[in-house]
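# for reference, the sequence and a predicted model appear below.
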Amino acid sequence: MQIKMEKLNSLDGYLNVNKEPGMTSHDVVFKARKILKTKKIGHTGTLDPNAQGVLVLCVGKATKMVEYITDHDKVYEAEVILGLATDSCDLSGTIIDKSEKQIDGISFETMLPQFTGDIYQQPPIYSAIRVNGKKLYHYARNGETVEIPKRAVHIAEIRLLNFDEEAQKARIMVNCSKGTYIRSLCRDIGAALGTLGCMGQLIRHQVGSFTLTDALTLTEIEQCLSEEASKSLLYPLEYSLDRYRKVSATDQGRRFLLNGNKLFQWNIQESLDDFYPGETLRLYDGNQLIGMGRYVTNDEGNYIKPTKLL
């Protein structure tokens, strides 16, 4: 890996795993706990069992940072299979319809821009989103019908990598916000072309600053540990948090920060005027990340409220 990393003895940080097909995200967490000999591990967003690629695990104190890593944009490489619809919107489900309509590569590529920007998606019935307090896949497994509300997501870019006209399959690269369902995107692309669509292979190339190039399989991680690698496999706690601006406590404010108290202007080095209401910020004591906070403006005045301390 091309980054500066901490020694493994702290067991606090992020583990960039290349999840292999056939494993659930829970399987990866379970095995990582055994490899690292620690129970305090959580993942930052489920990756479908048949998918592969980047799955970021939070270890030790980093488990408190899950929501901030989950919030990152993601990059996927997906196979779109035209003329086929399944109940899960991918090849793991039951085929519910077919279409013989033929699509050409030019038509496919010309249509893609309509799915960029802010769009609304209807998640697949086989997903973990809760509706009326119950996960959607429970409705599907019980044969129950439920109205699935659409959700707003943002797709920054979709690029066509290749199109096989004979097989009616395409490969696309998608840069998108959290909460985007690539299975739904493949289904909706088919509908926009006047045919059907579902997802084939899926590879997650990136989560924030974590890339597939630097990711290791569980086997590779175990091998590195057995060889007593001099560098840690864990990325430091502040890695990939550059999107959040930094706030440093003054000597006077240090005690307030460490106790989780509100930070007013006289307790921080930066000017509160530089922040916008509701902004999420990184909180530091010197060079050490202490946690995350939010800039608040109300009747009490302007201050930073620590929301998550490590």
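Yep, it's here.

# what's the spacing between stretch 65-83 and its chain's center?
With C-alpha atoms, centre = their mean, to the nearest Å as the basis, the distance from the averaged C-alpha position of stretch 65-83 to the chain average is 6 Å.

# could you do stretch 88-104 as well?
In terms of C-alpha atoms, centre = their mean, the centre of stretch 88-104 is found 27 Å from the chain centre.

# what lies in contact with that stretch?
Outside of stretch 88-104, the residues within contact range by C-beta atoms under 8 Å, 6 or more residues apart in numbering are 48-50, 81-87, 124-126, 163, 165, 168, 181, 183-184, 186-187, 193-196, 198-200, 202. C-betas here are computed from N, CA, C, even on glycine.

# what stretches of the chain score poorly on pLDDT?
Where the chain drops to pLDDT under 70, the residues are 1-10, 227-231.

# domain parsing for it?
Structural domains of the chain, as assigned by automatic domain parsing, span the residue ranges 8-72+209-235, 74-199, 245-309.

# JSON lines please, covering those domains and showing mean neighbour count.
Shown next, in JSON lines, are these (neighbours: other C-beta atoms under 10 Å):
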{"stretch": "domain 8-72+209-235", "mean neighbour count": "18"}
{"stretch": "domain 74-199", "mean neighbour count": "16"}
{"stretch": "domain 245-309", "mean neighbour count": "16"}
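
# residues in contact with the most centrally placed residue in the chain?
Centrality entry for the chain: nearest residue to the mean C-alpha point is residue 70, 4.5 Å, by C-alpha atoms, centre = their mean. The neighbours of residue 70, taking C-beta under 8 Å, 6+ apart as the test, are 44, 45, 178.

# before we move on, which element is residue 220 in?
Counting by DSSP states H and E, the element that carries residue 220 is helix 218-226.

# and the contacts of that helix?
Contacts of helix 218-226 with the rest of the structure, by C-beta under 8 Å, 6+ apart, involve 8, 15, 17, 18, 20, 28, 31, 32, 35, 36, 216, 233.

# go on, stretch 301-310?
Outside of stretch 301-310, the residues within contact range by C-beta under 8 Å, 6+ apart are 61, 64-65, 237, 247, 257-258, 260-265, 268, 272, 275, 280-281, 283, 289-296.

# mind doing that once more with 6 Å?
The set of residues external to stretch 301-310 that reach it, using C-beta atoms under 6 Å, 6 or more residues apart in numbering, is 61, 64, 260, 262-264, 272, 291-296.

# and for stretch 187-195?
Contacts to stretch 187-195, defined as C-beta under 6 Å, 6+ apart, come from residues 80, 82, 83, 89, 99, 101, 103, 111, 196, 197.

# try 10 Å this time
The list of residues contacting stretch 187-195 from outside it, by C-beta atoms under 10 Å, 6 or more residues apart in numbering, reads 78, 80-86, 88-90, 98-104, 107-108, 110-112, 114-115, 119-122, 124, 158, 168, 170, 172, 181, 196-199.

# quick one: residue 200 and residue 168 touch, right?
No. In this structure, residue 200 is not within contact of residue 168 by C-beta atoms under 10 Å, at 11.1 Å.

# which neighbours do those two have in common?
80, 81, 84.

# which secondary structure elements does the strand ranked longest in the chain sit against?
Taking residue count as the measure and DSSP state E as the definition, the longest strand of the chain comes out as strand 151-164. Identification of packing neighbours for strand 151-164 by 3 or more C-beta pairs under 10 Å, 6 or more residues apart in numbering; DSSP states H and E yields strand 74-82, helix 105-111, strand 117-121, strand 169-176, helix 182-192.
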